[in-house]
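Asker: Sequence plus the predicted model coming up.
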Number of protein chains: 4
Amino acid sequence: MFEKVIDPRMSETDRAGHINNTVIPVWFESGRDEIFKLFTPDLSLDDWKMVIINFNVDFVNQLYYGKQVTVKTWIKDIGNTSLKIYEEIHQGGYICARGSAIYVNYNFKEGKTERIPDEIRKKLAEHLYSE
Amino acid sequence: MFEKVIDPRMSETDRAGHINNTVIPVWFESGRDEIFKLFTPDLSLDDWKMVIINFNVDFVNQLYYGKQVTVKTWIKDIGNTSLKIYEEIHQGGYICARGSAIYVNYNFKEGKTERIPDEIRKKLAEHLYSE
Amino acid sequence: MFEKVIDPRMSETDRAGHINNTVIPVWFESGRDEIFKLFTPDLSLDDWKMVIINFNVDFVNQLYYGKQVTVKTWIKDIGNTSLKIYEEIHQGGYICARGSAIYVNYNFKEGKTERIPDEIRKKLAEHLYSE
Amino acid sequence: MFEKVIDPRMSETDRAGHINNTVIPVWFESGRDEIFKLFTPDLSLDDWKMVIINFNVDFVNQLYYGKQVTVKTWIKDIGNTSLKIYEEIHQGGYICARGSAIYVNYNFKEGKTERIPDEIRKKLAEHLYSE
């Protein structure tokens, strides 16, 4: 599991008093930083690989300004060219949001998806989700 | 169908050159303004009703800065206390993202979900999605 | 004067009930789109010119969700290589924020600032602010 | 000095390849969290005090995704009812942005500014900026 601690921001709340729902994908994407680095160690754009094709979020409990959150990120499925990520956001001992994201390993120079290389599969497998 | 035209912003792009994926839920939420007004005509917080419990987004084509997008919003399902919304974002003649969102009709004072009133159901039904 | 009408978004409010202060630079930048196009007509990155070096915002009145705002953008000063922009945001007949931004005309290939060309100066001059 | 470490986010970059300028006020506001807590220890809205009336940002060096930034926050001036904050953002040993923000101590119930209380002045004074 990858873990990232985030301070919620005043600017991320909305007039209903909680963190706005549109912030959750932002935190989840931030939680994927280490996965991006597995595919592109120097994060250079010339060698960027990961293209998102779907995400899904369940809102379970309200999130608040003033208390740190933890984003937990697991690998759910490693396909031939695609990757399914499972993610949770926790605050104050509660799970507040859970989601998934699907990426493909895309070669921008050749304009096509590519098999996820074995050495990356091995590293991803260390973070597999098990219920 | 509800329709909203949006100018993509430089700040909504990312270093990969396109609109960042986390912007799509922001545009979709903006497209739901007229639905929020059906439930809370004056948009006052004291009478706010709509609580999101899930959203899902498919990324179909890249979105770019420099060309207007249109957010199209339909009602997909009207449950007893919940509402399913179907949404699309179009740019330059292409569908670029499609998504859905599920809301419940929540009475914050009493702390419970409530049946969506008949007069709102009637108005929502005018925007039903049909394939 | 350049003018852009924007629908404030639920996600742009904060828990204090109004539009969060950090949204104002986002709207102001969006109001500068037509200026960016004067310098880079096709908005291509290969020919991008405008680099921001300062902005300043005065918050005059609260801004709210639910009512359109108008961003008004003027040219304040045209220097040799730099440009000063003056901007206002209006809602419901009130001025709510005013600001300025300073950009330089930067040649990224040669890594240096460049004199703003005469044909651009002429077009900018049509939008000069006069009190 | 107050200090906050932030992981820049992919979604905070723009198509020019760097962190978008509109993100800087977001990071600066996040850096003021401890100041907000001095005025409203439980961060409750019923007792919220701080209202921003101006901010100013100088962009000194580009900021990048992939490397942590540190937001440093000092008190510049303590007026009768107002407060001037001075702020810097550092990345990789360079100062990349500096700014200031002016807040007033506002009593929302009575609808007027109030003198900053002595016990808060004392705590603020521990974080005074000295060149």
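Answerer: Sure, I can see it. Just so it is clear, the structure is predicted and the values come from calculations on it, not from any experiment. Numbering: from 1, shown residues only, chains lettered A, B, ... in the order given.

Asker: Please report how far A:Leu124 lies from chain B.
Answerer: As judged by C-beta to the nearest C-beta, to the nearest Å, A:Leu124 and chain B stand 20 Å apart. Using the backbone N, CA and C atoms, a C-beta is placed for each residue, glycine as well.

Asker: what does A:Lys112 give?
Answerer: 15 Å.

Asker: can stretch A:40-49 be found next to chain C?
Answerer: No - using C-beta under 8 Å from any C-beta of the partner chain, stretch A:40-49 stays clear of chain C, coming no nearer than 11.2 Å.

Asker: so how far does that stretch reach from one end to the other?
Answerer: With C-alpha to C-alpha, to the nearest Å applied, stretch A:40-49 spans 7 Å between its terminal residues.

Asker: Just the residues contacting that stretch, thanks.
Answerer: A:36-37, A:39, A:50, A:105-108, A:114, B:15-16, D:17, D:65-66 (C-beta atoms under 8 Å, 6 or more residues apart in numbering or on different chains).

Asker: For chain C, state which of the residues you listed is nearest.
Answerer: Of all the contacts of stretch A:40-49, chain C sits closest to D:Gly17, with 8.2 Å by C-beta to the nearest C-beta.

Asker: Which of the contacts of stretch A:40-49 fall within helices?
Answerer: Among these, the residues falling in helices (DSSP state H) are A:36-37, A:39.

Asker: would TSV of the residues you listed with distance to chain C and pLDDT be doable?
Answerer: Formatted as TSV, the ones in helices among the contacts of stretch A:40-49 follow (distance: C-beta to the nearest C-beta, whole Å; pLDDT from 0 to 100):
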residue	distance to chain C	pLDDT
A:Phe36	21	98
A:Lys37	24	98
A:Phe39	23	97
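
Asker: show me which of the residues you listed neighbour chain D.
Answerer: Among the ones in helices among the contacts of stretch A:40-49, the ones lying near chain D by C-beta under 8 Å from any C-beta are A:Phe36.

Asker: Which residues of chain A lie near chain B?
Answerer: Counting by C-beta under 8 Å from any C-beta, chain A comes close to chain B at A:15-16, A:21-22, A:25-26, A:29, A:45, A:48, A:51-59.

Asker: Need the buried ones from these selected in PyMOL.
Answerer: Provided next is the PyMOL selection string for whichever of the residues of chain A next to chain B are buried by 16 or more other C-beta atoms under 10 Å in any protein chain shown:
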select buried, chain A and resi 15+16+21+22+25+26+29+48+51+52+54+55+56+57+58+59
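
Asker: Give the other helices and strands that the longest strand along chain A contacts.
Answerer: Longest among the strand segments of chain A by residue count, using DSSP state E, is strand A:94-107. Helices and strands touching strand A:94-107, by 3 or more C-beta pairs under 8 Å, 6 or more residues apart in numbering or on different chains; DSSP states H and E, are helix A:24-31, strand A:50-59, strand A:82-91, strand A:112-113.

Asker: so what's the residue lying farthest from the centre of chain A closest to, chain neighbours aside?
Answerer: Centroid-distance maximum for chain A: A:Arg15 at 26.3 Å, with C-alpha atoms, centre = their mean. What sits nearest to A:Arg15 in space, not counting adjacent residues and going by C-beta to C-beta, 6 or more residues apart in numbering or on different chains, is C:Thr13, at 3.9 Å.

Asker: Bridged to the one you found, which residues?
Answerer: Per DSSP bridges, the residues bridged to C:Thr13 are C:Ile19.

Asker: Sounds good, over and out.
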